[in-house]
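Colleague: need a structure here:
(2 chains)
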Protein chains: 2
Amino acid sequence: MKRAPGEFDIIRDYFASAPQGEGVALGIGDDCALLQVPAQGQLAASVDTLVAGRHFPVVADPAAIAARALRVNLSDLAAMNARPLWFTLALTLPGSDADWLQRFADGLLKTARQFGISLVGGDTTAGPLSITIQVLGQTLKPLCRGGARPGDSVYISGPLGGAAAALPVILGERTAEGETRRRAERAYYYPEPQFATAAAIAGLASSAVDISDGLLADLAHICTASAVSADVYLERLAIAPLARALAGEGALALAAAGGDDYQLCFTVPQARVPALQKLEQEVVAIGTLSPGEAEVRCWQNGRRWRASRTGYRHF
Amino acid sequence: MKRAPGEFDIIRDYFASAPQGEGVALGIGDDCALLQVPAQGQLAASVDTLVAGRHFPVVADPAAIAARALRVNLSDLAAMNARPLWFTLALTLPGSDADWLQRFADGLLKTARQFGISLVGGDTTAGPLSITIQVLGQTLKPLCRGGARPGDSVYISGPLGGAAAALPVILGERTAEGETRRRAERAYYYPEPQFATAAAIAGLASSAVDISDGLLADLAHICTASAVSADVYLERLAIAPLARALAGEGALALAAAGGDDYQLCFTVPQARVPALQKLEQEVVAIGTLSPGEAEVRCWQNGRRWRASRTGYRHF
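Modeller: Predicted coordinates for the structure are as follows:
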């Protein structure tokens, strides 16, 4: 019940070239990494697993899988307004495919450099392909889910629906060529963690969440944590051009209930809305909060709209 | 490509009763946990994955699986002389079996309480059963692999071979009843992280590693990291009584090359050996280090002994 032959040194062979970033006293290769934590603020920690055949097709480009695996974890740091510091990788692999591993490692370390986060440890095991990443970051002004109050306005940080519209292309259920295919792959595998928006709204927002499971599902998390209800006016939603291009009339439902966009949903007290409107970031007001039992109600041009699902489910 | 129905709240439903320990400013239920890191020392981080059918039989007692998953990670903290603080859990499950989950959660949280470590976050996904745990701890006097020098003595913290001897029982390849079965399960699923020994040797040892892959394989890690060679005198090894009982003459090979015992292997400069001998901890001198190319040589009663394998492999 041990490592498979050859597996022993995978982390060292493929990932130890990871640059040693800030605060890394001892990186990959010992029983633990040793990290010098900044004195100010708190440490933010999050973990996410991606399973082949569930979160990505087995045949997907390994560099794209790696980028997505790290970016969805970085998005959790962004949603808390935490600065990326370090991450660990637990990689379960069906075999030792040197080419696959090299491309995965290249994609992972490239993404790590882009966002200034250091790989400090890992574990490889033999088994069905899956990737678990835990990220650690520093937060001085954290954004949490539980601070929203009745009367606050609800915002999103950017257009939604693109990743959900891209999914049939990613899965090969729908063909797309050239630029459309590239946009679909970009939307699905390279979501943009919203660090800049999080930093800008940190003194203004009363709560925030990243939209991984779909706007309505993730706004429901804020409502539950804050014990408020929400009214969302769907005609105000910013809909991703890719969603319009691929899904036409269906784009609105994808923007409301599809997941994987990793924009932020956040709430702002009325008194701070003027300050929010002065920010450089373009944010979109989509609704308001009221007292109540954590219900999310949707309206379209004054009429109640019911989602056939509150989160995107597949496989 | 999202969570399966019902899976959404698993972490909250089964694990949120985890006691909120030291330094947990915000626990399970937000995008990240927020942690107040102690001002002194460094943060030690490690990650380990256990895959069903590889690290444990699929039909094993979920409480035992959970205990082993957390204990092998705690052992990495112990090997660095780090005090346990927090951990995250990434759980991939084939389905939502409420009974299995409850027993797993009970076993996990019981183990967490025993070692004073707090579960602060997690992710559940649908897929083949596997468990990834990342542990975080505080270290003031870390024990690393790379500090050993020629002339140092090599020690182990206790008897070896018990877990490797237990493995055929665990796998159902060999029958064992009553007390023998219980001892086998205890040896395999409930390894003891060597925190007390690590604390005692922290000012004395030049290097340390926990024996997860087998004494010879893990001592080779020290030799590689420290650029030394080792001579191990097998007649000095402490062999677990369970290994003798189950494997007879084969016990020595299991103690030398079998894994999963999670005792420490460590090295001590000669000048500090007298201080080591005054410790309460019973430790066992098994060899010496010399200059050289990271070779581990074994001797039995003056004759060279060659392992048929340097680490235990199965499945």
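
Colleague: can you map out the helices along the stretch 151-300 of chain A?
Modeller: Assigned helices in the stretch 151-300 of chain A, in chain order: A:162-170, A:178-189, A:195-201, A:215-226, A:241-247, A:251-257, A:273-277 (criterion: DSSP state H, counting those that start in this stretch).

Colleague: could I get those as TSV with distance to chain B?
Modeller: Using the backbone N, CA and C atoms, a C-beta is placed for each residue, glycine as well. Compiled in TSV, the helices of the stretch 151-300 of chain A are given as follows (distance: least, Cβ to the nearest Cβ, whole Å):
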stretch	distance to chain B
helix A:162-170	7
helix A:178-189	9
helix A:195-201	10
helix A:215-226	7
helix A:241-247	16
helix A:251-257	11
helix A:273-277	20
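
Colleague: With distance to residue A:298 as extra columns, can I get these in TSV?
Modeller: Shown next, in TSV, are these (distance: least, Cβ to Cβ, whole Å):
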stretch	distance to residue A:298
helix A:162-170	16
helix A:178-189	23
helix A:195-201	23
helix A:215-226	7
helix A:241-247	17
helix A:251-257	7
helix A:273-277	22
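
Colleague: May I see the ones you listed organised as TSV, with mean neighbour count, mean pLDDT and distance to residue A:137 added?
Modeller: Supplementary listing: the helices of the stretch 151-300 of chain A in TSV, determined by neighbours: other Cβ atoms under 10 Å in any protein chain shown; pLDDT from 0 to 100; distance: least, Cβ to Cβ, whole Å:
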stretch	mean neighbour count	mean pLDDT	distance to residue A:137
helix A:162-170	26	96	23
helix A:178-189	17	96	22
helix A:195-201	21	97	10
helix A:215-226	23	96	20
helix A:241-247	21	96	29
helix A:251-257	24	96	28
helix A:273-277	13	96	24
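
Colleague: Run a quick neighbour tally on the residue in the stretch 101-250 of chain A that chain B sits nearest to.
Modeller: Nearest residue of the stretch 101-250 of chain A to chain B (Cβ to the nearest Cβ) works out as residue A:127 at 3.8 Å. For residue A:127, the number of neighbouring residues by other Cβ atoms under 10 Å in any protein chain shown comes to 23.

Colleague: Run a quick neighbour tally on the nearest residue to it once chain neighbours are set aside.
Modeller: In this structure, residue A:127 finds its nearest non-sequential neighbour in residue B:51, 3.8 Å apart by Cβ to Cβ, 6 or more residues apart in numbering or on different chains. Other residues within reach of residue B:51 by the criterion other Cβ under 10 Å amount to 21.

Colleague: got a list of what residue B:51 touches?
Modeller: If you count contacts by Cβ atoms under 8 Å, 6 or more residues apart in numbering or on different chains, residue B:51 has them with A:92, A:125-127, B:128-130.

Colleague: possible to save these as a markdown table with distance to residue B:208, secondary structure and pLDDT?
Modeller: Putting the contacts of residue B:51 into a markdown table (distance: Cβ to Cβ, whole Å; DSSP: H, G, I helix; E, B strand; the rest coil; pLDDT from 0 to 100) gives the following:
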| residue | distance to residue B:208 | secondary structure | pLDDT |
| --- | --- | --- | --- |
| A:92 | 28 | strand | 93 |
| A:125 | 24 | strand | 90 |
| A:126 | 27 | strand | 89 |
| A:127 | 29 | coil | 89 |
| B:128 | 34 | coil | 90 |
| B:129 | 32 | coil | 93 |
| B:130 | 28 | strand | 94 |
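
Colleague: most neighbours, which of those residues?
Modeller: Highest neighbour count within these, by other Cβ under 10 Å: residue B:130, with 27 neighbours.

Colleague: Identify the bridge partners of that one.
Modeller: On the basis of DSSP bridges, residue B:130 takes part in beta bridges with residue B:51, residue B:92.

Colleague: One more: residue A:139?
Modeller: Beta bridges link residue A:139 to residue A:42 when assigned by DSSP bridges.

Colleague: unless I'm mixing things up, it is touching residue A:78, no?
Modeller: No. Under the criterion of Cβ atoms under 8 Å, residue A:139 makes no contact with residue A:78, lying 10.6 Å away.

Colleague: which one of these two has more residues nearby?
Modeller: Taking other Cβ under 10 Å, residue A:139 and residue A:78 do not tie; residue A:78 has more neighbours (30 against 24).

Colleague: List the contacts of that one.
Modeller: If you count contacts by Cβ under 8 Å, 6+ apart, residue A:78 has them with A:193-195, A:197-198, A:210, A:264.

Colleague: If we use 10 Å, what do you get?
Modeller: A:71, A:84, A:115, A:137, A:143, A:157, A:192-199, A:208, A:210, A:262, A:264, B:31-32 (Cβ atoms under 10 Å, 6 or more residues apart in numbering or on different chains).

Colleague: What does the pLDDT read for the residue nearest to it when sequence neighbours are not counted?
Modeller: Among residues not flanking residue A:78 along the chain, residue A:193 sits closest, at 4.1 Å (Cβ to Cβ, 6+ apart). We have a pLDDT of 98 for residue A:193.

Colleague: what about residue A:114, neighbour count?
Modeller: As a burial measure, residue A:114 scores 12 neighbours (other Cβ under 10 Å).

Colleague: Correct me if wrong: residue A:243 contacts residue A:162.
Modeller: Yes. Residue A:243 sits in contact with residue A:162 when judged by Cβ atoms under 10 Å, with a separation of 5.3 Å.

Colleague: Find the residues that touch each one of the two.
Modeller: When contacts are counted by Cβ under 10 Å, 6+ apart, the set common to residue A:243 and residue A:162 consists of A:187, A:251, A:254-255, A:258, A:261.

Colleague: which one among those residues gets closest to residue B:271?
Modeller: residue A:261 (61.6 Å; Cβ to Cβ).

Colleague: and that closest one, what are its phi and psi?
Modeller: Dihedral angles phi and psi of residue A:261 (degrees, to the nearest 10) take the values phi -80, psi -30.

Colleague: quick one: the helices in the stretch 1-150 of chain A?
Modeller: Counting by DSSP H, counting those that start in this stretch, residue ranges of the helices within the stretch 1-150 of chain A are A:10, A:62-79, A:98-115.

Colleague: Look up the closest residue to residue A:242, ignoring the ones flanking it.
Modeller: Among residues not flanking residue A:242 along the chain, residue A:162 sits closest, at 4.1 Å (Cβ to Cβ, 6+ apart).

Colleague: Next up, the contacts around that neighbour.
Modeller: Residue A:162 makes contacts with A:183-184, A:186-188, A:191, A:239-247, A:251, A:254-255, A:258, A:260-261, A:263, as judged by Cβ under 10 Å, 6+ apart.

Colleague: Check residue A:22 too.
Modeller: With contacts defined as Cβ under 10 Å, 6+ apart, residue A:22 is in contact with A:35-36, A:38, A:83, A:85-86, A:116-118, A:138.

Colleague: Quick one: buried ones out of those residues?
Modeller: Neighbour counting over the contacts of residue A:22 (16 or more other Cβ atoms under 10 Å in any protein chain shown) leaves A:35, A:83, A:85-86, A:117-118, A:138 as the buried ones.
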